[in-house]
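Engineer: need the 3D shape of this:
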Amino acid sequence: MNLELIENDFLVHTHRMASIIWCGAAAGMWMDTKAEETEASRSRASLGQRVLSGLLFFTGDMEHLNKYMQDKVFGLQLAVWGLRGVTRVILANNPLSGALILAALCWASPWQALLGTLGVLTSTLTAVIMGQDGAEVSGGLHGFNGMLVSMLMGVFSSAGDWNWWLLLPASLGSATCVFLYSSLAPVLDRWDLPVAVFPFNISIFLYLLCTGPHNPYFPHHLAKPAGLMEINATKLMAVEVLRGIPLGVGQIFACGALGPSLLILGAVLLYSPLLAAHALLGSAIGTLAAFLSAYADIALSNLMGTIGLPACSWAATVVATLMLLLTGSLSMYRIPIGQVMSPEHNLRSRKQWKAGKTEERESTDV
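Structural biologist: Below you'll find the predicted structure:
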């Protein structure tokens, strides 16, 4: 009898031990599975972060690229400087956006793309030869005016595309922009104003005045006064109005096709979503209702059209300059020209600046 009790106790203890071992193994397996799931979740999160970081690597001003290009061959550096100059036309500073814009121009008109490339490279090389500030050259500040001059020469030319004679004034006009830029910069710096596209407007005016519509090599179309605005709301189509908004962005590069204009807008979006939103907003306002700059453009078109000259971008340049000269509460939000970067970066910098000022003021309070 005692032997049977001992055997029964042994069996009970054996079952208990087996149950404990099984539970421990199951718990261990659950812990291992949980750990694997957690590790997989972390891996997915880290992968997503790496992808996002990789995408952000190509947005904004891409300052890291400047350090990478310091020891590269001059030809590669010139290409990057030129692409930055392309984007300076739209107030951006991103070489990848510049490549997208050049692709859009090739899509719309290979001849215009060739003229623009010639202009930006000629003006950039001229700035290098003249010994202009290295930071300005590498930032594309001496390229965009030359690009605009070359492209607008092609737009106003009445000889059609592939007029190879036009490459000569395009090169000379682009180089002239560098001289005008270096002359205007010391004057405008007194009021912390950008040179903007003043060189482009001056250079294209001089070219059109010197050649005339009947020049045997460089003829151009005569501009006509805009006249009174014709308001015909009965024929206003919503589709055409919406189509005109992205086309307004493309018109910055004298591009009138919808597809290339959308690609240009995508290049702006790559650099800064805020800048892209403002570009669409400005184009929409100009399309739906003529505000200050649109009225100024009409007035200048009528004035210049009397002598056969286009208004170019004088209206936007003058209005923007006057806005920057405003005093009062609006001037508090102005960023010094030398510190201007992408809108997102400007917002972060201003918040940090305001926070620093607040801490400094609180620390000095008695």
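
Engineer: okay, and for this protein, where does confidence drop off?
Structural biologist: Within the chain, the segments meeting pLDDT under 70 span 1-55, 226-237, 286-290, 330, 350-366.

Engineer: again, only using 80
Structural biologist: For the chain, the stretches flagged by pLDDT under 80 are 1-57, 224-241, 285-295, 327-333, 349-366.

Engineer: for residue 346, which non-adjacent residue is closest in space?
Structural biologist: residue 335 (5.6 Å; Cβ to Cβ, 6 or more residues apart in numbering). Quick note: C-beta positions are derived from backbone N, CA and C, even for glycine.

Engineer: how about that neighbour, secondary structure?
Structural biologist: Secondary structure state of residue 335, per DSSP: H, G, I helix; E, B strand; the rest coil, is coil.

Engineer: ok, now which ones touch residue 270?
Structural biologist: 58, 59, 94, 96, 97, 100 (Cβ atoms under 8 Å, 6 or more residues apart in numbering).

Engineer: ok, and the most crowded of those?
Structural biologist: Most neighbours among the contacts of residue 270, by other Cβ atoms under 10 Å: residue 94, with 28 neighbours.

Engineer: just to check, residue 213 is in contact with residue 223?
Structural biologist: No - contact criterion Cβ atoms under 8 Å: residue 213 and residue 223 do not qualify, at 10.0 Å.

Engineer: tell me which of the two has more neighbours.
Structural biologist: Comparing residue 213 with residue 223 by other Cβ under 10 Å, the one with more neighbours is residue 223, at 19 against 14.

Engineer: can you name every helix or strand that the helix or strand that contains residue 135 contacts?
Structural biologist: Using DSSP states H and E, the element containing residue 135 is helix 134-138. Where contact means 3 or more Cβ pairs under 8 Å, 6 or more residues apart in numbering; DSSP states H and E, helix 134-138 is packed against helix 74-88, helix 110-130.

Engineer: buried residues, it. List them.
Structural biologist: Neighbour counts over helix 134-138 (16 or more other Cβ atoms under 10 Å) mark 136, 137, 138 as buried.

Engineer: from residue 77, how far off is the nearest residue to residue 285 once chain neighbours are set aside?
Structural biologist: Nearest non-adjacent residue to residue 285, counting by Cβ to Cβ, 6+ apart: residue 291, 5.8 Å away. The gap separating residue 291 from residue 77 is 41 Å, by Cβ to Cβ, to the nearest Å.

Engineer: fine by me, we can end here.
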